[in-house]
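Engineer: curious how this folds, go ahead:
(chains A and B)
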Amino acid sequence: MELYIHIPYCRRKCAYCDFLSFAGCENLQKDYAAALFRDIESRGGILSGRPRVETIYIGGGTPSLMYEGFYEELMRRVRESFDVADTAEISIECNPGTATRKKLSEYRRCGINRISFGAQSAKDPELESLGRIHRFEDVRETVAMAREAGFDNINIDLMMNLPGQTQDSFLESLKAVIDLNPEHISAYSLILEPGTAFYERYESRPDLLPDEEESCRTYESAVKFLSDCGYRQYEISNFAREGRECRHNIGYWKREEYLGVGLGAASLIGSRRYAVTGDLSEYLEKCRYASTEELSETDVINETIMLGLRMNEGIGISEFQSRFGRDAEENFSDRMKKYVEAGLAGFSEDRIFLKVKGLLVSNSILSDVMI
Amino acid sequence: MANTDQSKIRNFCIIAHIDHGKSTLADRIIEKTGLLTSREMQEQVLDNMDLERERGITIKAQTIRTVYKAKDGEEYIFNLIDTPGHVDFNYEVSRSLAACEGAVLVVDAAQGIEAQTLANVYLALDHNLEIMPVINKIDLPSAEPERVIHEIEDVIGLEAQDAPLISAKNGINIEEVLEQITKKIPAPVGDPKNPLKALIFDSVYDSYKGVIIFCRIKEGTINMNTRIRMMATGAEADVVEIGTLGPGKFIPCDELSAGMVGYITASLKNVRDTRVGDTVTDANRPAAEALPGYKKVNPMVYCGMYPADGAKYPDLRDALEKLQLNDASLQFEPETSIALGFGFRCGFLGLLHLEIIQERLEREYNLDLVTTAPSVIYKVYKTDGTVLDISNPANLPDPSEIDHMEEPFVSAEIMVTTEFVGSIMKLCQDRRGVYLGMEYLEQTRALLRYELPLNEIIYDFFDALKSRSKGYASFDYEFKEYVPSKLAKLDILVNHEEVDALSFIVHEETAYERGRKMCEKLKEEIPRQLFEIPIQAAVGSKIIARETVRAMRKDVLAKCYGGDITRKKKLLEKQKEGKKRMRQVGNVEIPQAAFMSVLKLDEE
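Structural biologist: Now for the predicted structure:
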């Protein structure tokens, strides 16, 4: 199974972000750490024994903001309560402006072996408009420090379709990032999430954002450019050198079980989803995993389709059939046919998958082929 | 029965233009005759259909019997027959009038005579009713009772100097109305000993009592032992119950005799056996001839009605059957559309009737409907000499088999203040109207007479009329005749496939304009899909207009990790729900709203 640990603190809330995070609450860190440790020890109260864990992901928020020594204690406690595999992938998200040599070597020391930097852009004006606290020079320095600290598995996040961005300016950002030679690159298209500053600013002004044609061209050229540089696309927004795909995220898309620890974290255990409260004071007071969803067979089929088709390898047909039965598989394959004919999807050997043009309109396809 | 003396019975109706206060006056009369507490008043009002109250239109005839103790010390029985208030139900109105000796004409003290005022007066005069004018809403700041009195005298030629000046809403001067009813409206005549002749002016289906006939006994007497026969439909049955109509309740009695108004229940299952206008007689002692004026009313407007969810087809059929129990003029028969699946072609008296049925199906039977553009009946003269009645454009024969076609025309009267005459004339001209004449009722108001093709007024003529006259124009029409006309079938092709449910019949002159607007409208209504969708309008094989819905290029969620899966699954499921509510035509999903957008082509 997989373990997700959520750190909700940020130095400042970015203009586009709707993740559960708070700016300016650093003095609460110790209280929060105590609550986290409590839930790790009880394994959320929803798991028994000492479950085997193959991947761990520490996300946020800004995990790199936590006080020194926190991660050593965290990982010690995780290992007490969980059977962490020797080969486990253990990732941490890190803001280029907040990492220090000392922190990076602490991460390494406690077994964290993958680091993800939220660079977002190599263009400083774009970073400023996003409300990021760093500049691209910080990314360069921090990546170098991470290499020195011994990280051999680095991801860099970029954002597409930012206000004023063009195909060319994005490819320039991409090139600057590739020059840093990371093992993995994520490129997320901006989504205007209600409640964010960006939503207020741009929802009523779509003319300030790249238009549909421009953003499709940007996406398609980015996929090609990355592939030419040795980064194979394996999911809508994710690219990696051979063997460096993020195992933790693939776990989500393959519907592996996961336990989420921390404020607002989600879990999938058996056929149930759980969510932890998003109310910080409630969370600090006591551990409470509320079951939010009992998944029906239909839910499981739909999730398998909607998550499986996010990945370039798509869905294994015989695997689908043995899991859900012949009728469900034929139904699914039948409905995919017209997209194969339209050049949006493909069949290969035993797999059905979306092509790049299909990934771009995946919501339309998914909402059609889901049951 | 307290009083069966014919001379103390007053059978009357109230006629008025819409909104002039007919129902309010009816309520006041019931209240003032002392039979209802205000609580019962509420109940009585609640007995009406929601729709009637919302729209302020009386759809079904309502009949109330009350007792009025007049100033002369005598008790009078008032039978108030409230008539439907819309041109669609003109025939029902005429039968209700035929059940009365007099009519209370309500005229708004501010608005004066309107188109329906005149239409109703003419109908009442046709039935030789004594007309008693009443000026309502005298408490309005804009009330001009003197002007309205003159208008009534000048335009209708009715003595109006002593017309009661009232406010039905505020209960002002209602006594005077009641007194005048006893004095001005004649008592009924008719011999209780003659063979039975009772005029059916309404009938309803009740799940406990079966069919309830509302009737006016013109001649003879009916009692519990009578075996009744409907003279037009031939249906016969034994009487189960007879009685009079108290406010909000049935009051059974032993017999009804000439001059009286009441109800009959008999072991009849369907209102089709008891059609409005038919004569009830005694099967064992039948009248020699029926009362005059019966006719079988035929629908004027047709449309296809389809359940939004195809699985609801049997529910729609059941609902239509139930509505038909109470509405003999509603017709329906199964039809199939390639685009919409299984549904019914339904016939209505007019557009209001159509809307009422549609709303009742949706509200009372919880059905989600897709309705096709309304159509009239076209007479198609084929080259082989046969004549077809076509109400569904999809059934129009190939043009090569058609010799010529005819469409129904109506004669219309539009009353409007003079400042809007120009724009109303323009509207009528645009709708292919034939100008017949104009009369000035007074200096500021004119009555325009037109002949108009029915198919031009069943869409949105009334709305257009209102918007071009700031709401002041009033309108009334009746069917005139079928007229030869150059008509064509306009087809809509979506992604090169003809969508049968979007075809309609238009005059050749307007085909291009309609086709263009239709394509524009559909372009707005059809959401972008994964491929480009051409939308074309065609007459025969000739494409006359085209629009294109561009292909959707991008519709993707960039991120989907552990915490978002539920939310994003819901999002996709919602998107899928949206698609389910669309109709698949070839590869294209067409939203249901698109099928109804043909109704709104003339929005300015």
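
Engineer: switch to C-alpha atoms for all contacts and neighbour counts from now on
Structural biologist: Will do.

Engineer: can you pull the contacts of the residue of chain A found nearest chain B?
Structural biologist: Nearest to chain B in chain A, going by Cα to the nearest Cα, is A:V361, at a distance of 4.3 Å. By Cα atoms under 8 Å, 6 or more residues apart in numbering or on different chains, the contact set of A:V361 is B:L530, B:M552, B:R553, B:K554, B:D555, B:V556.

Engineer: which of the three states applies to the last one?
Structural biologist: Secondary structure, DSSP: H, G, I helix; E, B strand; the rest coil: B:V556 is coil.

Engineer: could you do the second one as well?
Structural biologist: The three-state label given to B:M552 by three-state DSSP is coil.

Engineer: flag every buried residue along the host helix or strand of A:Y71.
Structural biologist: Element membership of A:Y71, judged by DSSP states H and E, is helix A:70-81. In terms of neighbour count (16 or more other Cα atoms under 10 Å in any protein chain shown), helix A:70-81 has its buried residues at A:Y71, A:E72, A:L74, A:M75, A:R77, A:V78, A:R79, A:S81.

Engineer: just checking, what packs against that helix?
Structural biologist: Packing partners of helix A:70-81 (3 or more Cα pairs under 8 Å, 6 or more residues apart in numbering or on different chains; DSSP states H and E): helix A:29-41, helix A:101-109.

Engineer: middle-most residue in chain A, spatially?
Structural biologist: In chain A, the residue lying closest to the centroid (Cα atoms, centre = their mean) is A:N249, at 6.2 Å.

Engineer: nearest spatial neighbour of that one, skipping sequence neighbours?
Structural biologist: Nearest residue to A:N249 in three dimensions, chain neighbours excluded: B:Y561, at 6.9 Å (Cα to Cα, 6 or more residues apart in numbering or on different chains).

Engineer: pretty sure the one you found contacts A:G251?
Structural biologist: No: using Cα atoms under 8 Å, B:Y561 makes no contact with A:G251, being 9.5 Å away.

Engineer: in chain A, what secondary structure element scores lowest on mean pLDDT?
Structural biologist: strand A:22-23 (a mean of 69; mean pLDDT, DSSP states H and E).

Engineer: only alpha carbons, please: show the lengthiest strand in chain B as CSV.
Structural biologist: What stands out as the longest strand in chain B, according to DSSP state E, is strand B:402-417. Output in CSV follows, covering the C-alpha atoms of strand B:402-417 (Å, rounded to 0.1, in the frame of the first residue of the first chain):
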residue,chain,number,x,y,z
ILE,B,402,-48.2,17.1,-54.4
ASP,B,403,-50.4,19.0,-56.6
HIS,B,404,-51.0,21.8,-54.2
MET,B,405,-51.5,22.5,-50.5
GLU,B,406,-53.9,24.5,-48.3
GLU,B,407,-53.4,26.0,-44.9
PRO,B,408,-55.9,27.2,-42.3
PHE,B,409,-56.5,30.9,-42.0
VAL,B,410,-58.2,32.6,-39.0
SER,B,411,-60.0,35.9,-38.8
ALA,B,412,-58.3,38.0,-36.1
GLU,B,413,-59.3,41.1,-34.2
ILE,B,414,-56.6,43.1,-32.5
MET,B,415,-57.5,46.0,-30.3
VAL,B,416,-54.7,48.4,-29.7
THR,B,417,-54.0,52.0,-28.8
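
Engineer: run the angle between the helix holding A:Y71 and helix A:101-109 for me.
Structural biologist: 10 degrees (axes from the mean of the first three to the mean of the last three Cα atoms, to 10 degrees).

Engineer: pLDDT of helix A:70-81, averaged?
Structural biologist: Here helix A:70-81 scores 96 as its mean pLDDT.

Engineer: confirm B:G259 sits in a helix?
Structural biologist: No: judged by three-state DSSP, B:G259 forms no part of a helix; its state is coil.

Engineer: so which strand or helix has B:M438?
Structural biologist: Assigned by DSSP H and E, B:M438 belongs to strand B:434-442.

Engineer: next, count neighbours for B:E159.
Structural biologist: 15 (other Cα atoms under 10 Å in any protein chain shown).

Engineer: residues contacting residue 362?
Structural biologist: Let's take chain A. For A:S362, the contact set (Cα under 8 Å, 6+ apart) comprises A:R310, A:L354, B:D555, B:V556, B:L557.

Engineer: try chain B instead
Structural biologist: B:D368, B:L369.

Engineer: now the residue in chain B that chain A sits nearest to: phi and psi?
Structural biologist: For chain B and chain A, the shortest gap (Cα to the nearest Cα) falls at B:D555, measuring 4.3 Å. Backbone torsions for B:D555, taken as degrees, to the nearest 10, come to phi -160, psi 90.

Engineer: wait, isn't it in contact with A:I365?
Structural biologist: No: the pair B:D555 / A:I365 is not scored as a contact, 9.2 Å apart, by Cα under 8 Å.

Engineer: ok, B:Q111 - how many residues close by?
Structural biologist: So B:Q111, with other Cα under 10 Å, has 16 neighbours.

Engineer: got it, and B:L199?
Structural biologist: Residues lying near B:L199 (other Cα under 10 Å) number 29.

Engineer: please name the bridge partners of it.
Structural biologist: With DSSP bridges as the criterion, B:L199 is bridged to B:R216, B:T279.

Engineer: how about the helices in the stretch 201-350 of chain A?
Structural biologist: Under the criterion DSSP state H, counting those that start in this stretch, the stretch 201-350 of chain A contains helices at A:212-228, A:247-253, A:280-285, A:297-308, A:317-324, A:326-341.
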